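S.K.: pasted the sequence and its predicted model underneath.
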Amino acid sequence: MHWLNIVHLAQRRPSSPSYANVPPLDAHPAPSRPAHGLEPPALANPGVHYQRCLAQLRSKDKAIERNIYLQQLKHADEHMFYKLVVENMAELTPLIYTPTVGDACLQFSANYRRPEGMFISIKDKGKIGQVLRNWPRREDARISVVTDGSRILGLGDLGVNGMPISIGKLSLYVAGAGIRPASTLPICLDLGTNNTKFLEDPLYLGLRQKRVSDKEMDEFMDEFMREMRATFPKLLIQFEDFSTDHAFHYLDRFRHQYPLFNDDIQGTGAVVLSGFLNAAQLSSEASGRPLSDHRILFLGSGSAGVGVGMQLMSFFTLVAGLSPEEARSRIYYIDSQGLITADRPGLAEHKKFFARTDCPPLKDLVDIIGYVKPTALLGLSTIKNAFTRDVIEAMTALNERPIVFPLSNPVALSECEFGDAVSWSGGRVIFASGSPFAPVTYGGQEHVAGQGNNMYVFPGLGLGAILARVSSITDSMVEAASLALAHSLTPDERAAGLIYPRLERIREISVGIAAGVVREAQKRGVDGHKALRAMSEPELRTWVEGKMWSPMI
Ligand SMILES: NC(=O)C1=CN([C@@H]2O[C@H](COP(=O)(O)OP(=O)(O)OC[C@H]3O[C@@H](n4cnc5c(N)ncnc54)[C@H](O)[C@@H]3O)[C@@H](O)[C@H]2O)C=CC1
Ligand SMILES: CC(=O)C(=O)O
Ligand SMILES: [Mg+2]
């Protein structure tokens, strides 16, 4: 049976009775233009100007120059910027997001041009509320991406140079899910940096001090969250790119008090579960082995790796019919010291749940593959080219269609190049990477890489949570987002062997994700907008679509 039917059965719920008290749609204000005479007359033709902007963008040789051009366009003409992004998702997403956003972060202090978002520093402790109230659009704020810059993509501690990641993610909220630009609030917390290169860089824009102690950070974060709630009562918060221990710690500390989620733990978990459902189906169809036979090996056991493993537990319980204990036994982790076993002294708390009691402490990846016999190999290790030819060949020897997901970002840190994975597996690999790869031709056939990146999930998850006015984000809402994404493949996309939908359809996909999230919020009783409960599924989707902001060009 296809997993789609299994999950459908498990998730079926009664349809809602009627449609009542639906509030009016938001007005989308038209862009304001300079007064007559202050711009050239032919600019009145937006279609021509769109072509002009696209040509200007494409005339830049380097991706970082294109990123800078787009950032300045966003400030000068927000509607044109988003029009370009929405209509050219596959071309522009890599410029405003991974991989180019990695360079934008590394070079943030050198390339800085104008303020965007908020910088809250440890020096603001005791008066954080006062600082937050300087944000000019307090009433509008609905979604904030908050980073402390301590683990930006796989690039490590970048301090305040992490700000472009918050900005880039929020641009995808607008482009991918129609969140109003004025409702977005990028925040970078400056708690110091342990990046000595930056501390010695005269242009570095952050505090020149090492990161504060955990105790001081806890006090700061408690005040920050309290003041965020007081200043922006309707705000949803996405924690992004905190170092692993802090990522888990602050998710646990705040998730029951405030509407928030951690994108690296939960967003990544959701996007990978979704791709894995479709990949496992393809792999099992090719091998004739049941879905319950899958075994997953992770290289990398940080916030993203463990977040994905926790979410993949529901593949085994929901779809493959295993008990939670059996599900756990199908998941193996390797970190920098080798296969994670429970007898290792001083094992970090977040690694304990999946630590093996039944395996020797093997170190070499090919040896571990030989021992575990995984059907899927997932990389969240930040180790470039860790999936060597030997590794891909070992996976291919074990599996008719090996599942290989090198998910580390940016592309320069990917565990494997797409072209290599295709040729080393003889064209049999089922592949998804964190950052995009161009299609490759092999054996006379075009192969398309999936993009297993949380960008498919967080815009729709955020949209649903905002519209339902949730008081918290439950695990089941994250899972609902994941299933909605997995369900969103069209028959054409399935026939083409894709495991993620085409990025060009992101807005349509976000509607489905948002609707799934709203329904799950209702089931869990964390929805504040009770009128949505009365809507039928088509009515809810239409209503969600009507709430989405679009560029007016
Ligand atoms: N595709 C996506 O949507 C996402 C991708 N990521 C990527 O995942 C990567 C990891 O992120 P986090 O888990 O937060 O970082 P992290 O730094 O906490 O985790 C890295 C993990 O890799 C392990 N590792 C390091 N060197 C290794 C080696 N030589 N051999 C085996 N394992 C090794 C570490 O022990 C650690 O467990 C980053 O590159 C990040 O960009 C993160 C979130 C989302
Ligand atoms: C995609 C993402 O969130 C990361 O690489 O950290
Ligand atoms: Mg991240």
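M.R.: That came through fine. Ligands and ions are numbered 1, 2, ... in the order given.
S.K.: and the residue lying closest to Pro46 once chain neighbours are set aside, what does it touch?
M.R.: Excluding its sequence neighbours, the residue lying closest to Pro46 (Cβ to Cβ, 6 or more residues apart in numbering) is Ile553, at 4.7 Å. (Each C-beta comes from the backbone N, C-alpha and C, glycine too.) By Cβ atoms under 8 Å, 6 or more residues apart in numbering, the contact list for Ile553 reads Pro46, Tyr50, His79, Met80, Lys83.
S.K.: which SS state does the residue in the stretch 101-250 of the chain that ligand 1 sits nearest to fall under?
M.R.: Per Cβ to the nearest ligand atom, the residue of the stretch 101-250 of the chain with the smallest distance to ligand 1 is Gly154, at 2.6 Å. For Gly154, the assignment made with DSSP: H, G, I helix; E, B strand; the rest coil gives coil.
S.K.: what is the burial count for it?
M.R.: Other residues near Gly154 come to 24 when the count uses other Cβ atoms under 10 Å.
S.K.: next one: Ala397
M.R.: The tally of other residues near Ala397 (other Cβ under 10 Å) stands at 11.
S.K.: also Gln130?
M.R.: When neighbours are defined as other Cβ under 10 Å, Gln130 has 11 of them.
S.K.: low-confidence regions, the stretch 51-200 of the chain specifically.
M.R.: Of all residues in the stretch 51-200 of the chain, none has pLDDT under 70.
S.K.: tell me which element Gly427 is part of?
M.R.: Using DSSP states H and E, Gly427 sits in no helix or strand.
S.K.: go ahead and confirm it touches His447.
M.R.: Yes: contact criterion Cβ atoms under 8 Å: Gly427 and His447 qualify, at 6.7 Å.
S.K.: compare these two (neighbour count), which wins?
M.R.: Taking other Cβ under 10 Å, Gly427 and His447 do not tie; His447 has more neighbours (19 against 16).
S.K.: let me see the mean pLDDT of stretch 461-479.
M.R.: Stretch 461-479 comes out with an average pLDDT of 98.
S.K.: quick one: whichever residue of the stretch 101-250 of the chain sits closest to ligand 3 from Gly154, how far?
M.R.: Proximity of the stretch 101-250 of the chain to ligand 3 (Cβ to the ion) peaks at Asp241, 4.4 Å away. To Gly154, Asp241 is 10 Å away according to Cβ to Cβ, to the nearest Å.
S.K.: residue contacts, the residue of the stretch 101-250 of the chain closest to ligand 1?
M.R.: Shown in contact with Gly154 (Cβ under 8 Å, 6+ apart): Thr382, Ser408, Asn409, Pro410, Leu413.
S.K.: ok, now with 7 Å
M.R.: Gly154 is in contact with Thr382, Ser408, Asn409, Leu413, counting by Cβ atoms under 7 Å, 6 or more residues apart in numbering.
S.K.: how near is the nearest residue to the first one once chain neighbours are set aside to Tyr173?
M.R.: Of all residues not flanking Thr382 in the chain, Gly154 sits nearest, at 3.4 Å (Cβ to Cβ, 6+ apart). Separation of Gly154 from Tyr173 (Cβ to Cβ) stands at 22 Å.
S.K.: so for whatever residue of the stretch 351-500 of the chain ends up closest to ligand 3, what's the pLDDT?
M.R.: Nearest residue of the stretch 351-500 of the chain to ligand 3: Asn454, at 6.8 Å (Cβ to the ion). As predicted, Asn454 sits at a pLDDT of 97.
S.K.: what's the neighbour count on Ala230?
M.R.: By the measure other Cβ under 10 Å, the count of residues near Ala230 is 12.
S.K.: tell me which parts of the protein are close to ligand 2?
M.R.: Thr98, Leu153, Asp241, Asp263, Asp264, Asn409, Gly434, Asn453, Asn454 (Cβ under 6 Å from any ligand atom).
S.K.: list the contacts for the second one?
M.R.: In this case it means Leu153. Neighbours of Leu153 in contact, by Cβ under 7 Å, 6+ apart: Thr98, Gly102, Asn409, Pro410.
S.K.: next: the fifth one.
M.R.: Under the criterion of Cβ under 7 Å, 6+ apart, the contact partners of Asp264 comprise Glu240, Asp241, Ala247, Ser303, Ala304, Gly307.
S.K.: for the protein, longest strand please?
M.R.: Using DSSP state E, we find that the single longest strand of the chain is strand 184-190.
S.K.: residues in contact with that one?
M.R.: Outside strand 184-190, the residues that touch it by Cβ under 7 Å, 6+ apart are 116-122, 135, 141, 143-149, 159-160, 162-163, 166-167, 170, 173-174, 206-207.
S.K.: change it to 8 Å
M.R.: Contact with strand 184-190 is made by 116-122, 135, 141-149, 159-160, 162-163, 166-167, 170, 173-174, 206-207, 220, 224, 232, 235, as judged by Cβ under 8 Å, 6+ apart.
S.K.: for stretch 106-124, same thing?
M.R.: 64, 68, 71-72, 75, 104, 128, 131-132, 134-135, 155, 158, 160-164, 166-167, 185-192, 198, 201, 203-207, 212, 216, 220, 224.
S.K.: in strands, which of those appear?
M.R.: Judged by DSSP E, the contacts of stretch 106-124 include Leu185, Pro186, Ile187, Cys188, Leu189, Asp190 as members of strands.
S.K.: and Pro46, how far from Arg494?
M.R.: Separation of Pro46 from Arg494 (Cβ to Cβ): 37 Å.
S.K.: would you map out the domains in this structure?
M.R.: Per automatic domain parsing, the domain ranges recorded for the chain read 2-19+457-546, 42-258, 266-274+287-444.
S.K.: so Tyr371 sits against Arg356, correct?
M.R.: No: the criterion here is Cβ under 8 Å, and Tyr371 misses it with Arg356 at 10.4 Å.
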